[in-house]
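Asks: Model the structure of this input:
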Amino acid sequence: MKKRRLLKYFLSACALLLLCAAAAFYFLTKPLPPKILEGEAAAKPMVANDRPIPSEIKIDRLVVYKGKRQMWAYSGGRLVKIYPVSLGFNPVGHKQFEGDGKTPEGVYRINERNPHSGYHKNLGVSYPNEADKKFAASQGKDPGGLIKIHGLPNGKGKIGRQHLRRDWTNGCIAVTDNEVDELYRSVVYNAEIDIRP
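Replies: Numbers count the residues shown, from 1 in each chain. So this is what the prediction gives:
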C-alpha cells in the first residue's frame, strides 16, 4: 500500500516537473517582440486621432506597424499622430511579386503625390528598390509597384473607418479620405517610411 502511494506521489511529481519544463521551454523560445526605437513604447502622440495636425507641423517620417495595423507619423523625431490602417489582402511577409497582395516591408521614401487618384488622393512609396527588383528578377517575376498610402475608392468615402474591418488593398496602406487629405498636406517629399512586420 505504501509503495503504491509513493509511486503515485512520484508519478505526480514527474508530471508536474514535465509541465514546468514545457512552460519554461515555451517562454524561453517565444520570439521577442520587434525592437522598439526612440522610446516608442512610452510615446504619446502630440495630436489626438480626432484632431487635425496643425498646418505648421510637417511629417518627415512614417513608421508602419503591419501587425498592429497602425501608421505612426513623426516630425523631427516627435510622434505627432497614430493612424489606423488597412493593408494588402495578404499582409503577412514582405512584398516580392506583382499580385501577391502583400504590403512591402523595409525602409522606403515618399516619392510621389497624386491629388487625382482612384482612391481619393495618394502618396507614393518608393517600392520596389534595387534589392526588390533584383530578387524578383532572380525568380523570373515582376516585383510589382504602385504602392501608395491612399484613401478609399472614389465614391466610397462615406464608409470611413469601416474599411478597417479587413485588409483589402493590393499591397497599399489605406486610411480614410480625411486622413489622406491630412497626410497629403503634412508629409514632406522624400519623407522616410519604415514598414515593419
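Asks: Which other helices and strands does the helix or strand encompassing residue 62 contact?
Replies: In this structure, residue 62 sits in strand 59-65 according to DSSP states H and E. Packed against strand 59-65, as judged by 3 or more C-beta pairs under 8 Å, 6 or more residues apart in numbering; DSSP states H and E, are the following elements: strand 70-75, strand 187-196. (Glycine included, C-beta is placed from N, CA and C.)
Asks: Paired strands for the helix or strand following the shortest one, with orientation please.
Replies: The reference is to strand 70-75. Next in sequence after strand 70-75, counting helices and strands by DSSP H and E, comes strand 78-84. Strand 78-84 has the following strand partners under DSSP bridges: strand 70-75 (antiparallel).
Asks: quick one, the partner strand and strand 59-65 angle?
Replies: 160 degrees (axes from the mean of the first three to the mean of the last three C-alpha atoms, to 10 degrees).
Asks: Would you mark the buried spots in strand 70-75?
Replies: Under the neighbour-count criterion of 16 or more other C-beta atoms under 10 Å, strand 70-75 has 71-75 buried.
Asks: Could you do stretch 103-112 as well?
Replies: Those would be 103-106, 108, 110, for stretch 103-112 by 16+ other C-beta under 10 Å.
Asks: do the same with stretch 183-196
Replies: Buried, per 16+ other C-beta under 10 Å, within stretch 183-196: 183-184, 186-187, 191, 193-195.
Asks: what sits up against that stretch?
Replies: 34, 53, 55, 57-67, 73, 83, 103-111, 113, 115, 121, 123, 125, 149, 173, 175 (C-beta atoms under 8 Å, 6 or more residues apart in numbering).
Asks: Tell me how many other residues surround residue 135.
Replies: Using other C-beta atoms under 10 Å, residue 135 has 15 neighbouring residues.
Asks: what's near enough to touch it?
Replies: Counting by C-beta under 8 Å, 6+ apart, residue 135 touches 96, 143.
Asks: Confirm that it sits in a helix.
Replies: Yes - Residue 135: assigned to a helix according to DSSP: H, G, I helix; E, B strand; the rest coil.
Asks: Would you quantify the distance from it to residue 164?
Replies: 31 Å (C-beta to C-beta, to the nearest Å).
Asks: quick one, what contacts the residue nearest the centre of the chain?
Replies: Note on the chain: the residue nearest the mean C-alpha position is residue 66, at 2.0 Å, using C-alpha atoms, centre = their mean. Residues near residue 66 by C-beta under 8 Å, 6+ apart: 87, 91-92, 103, 105, 195-197.
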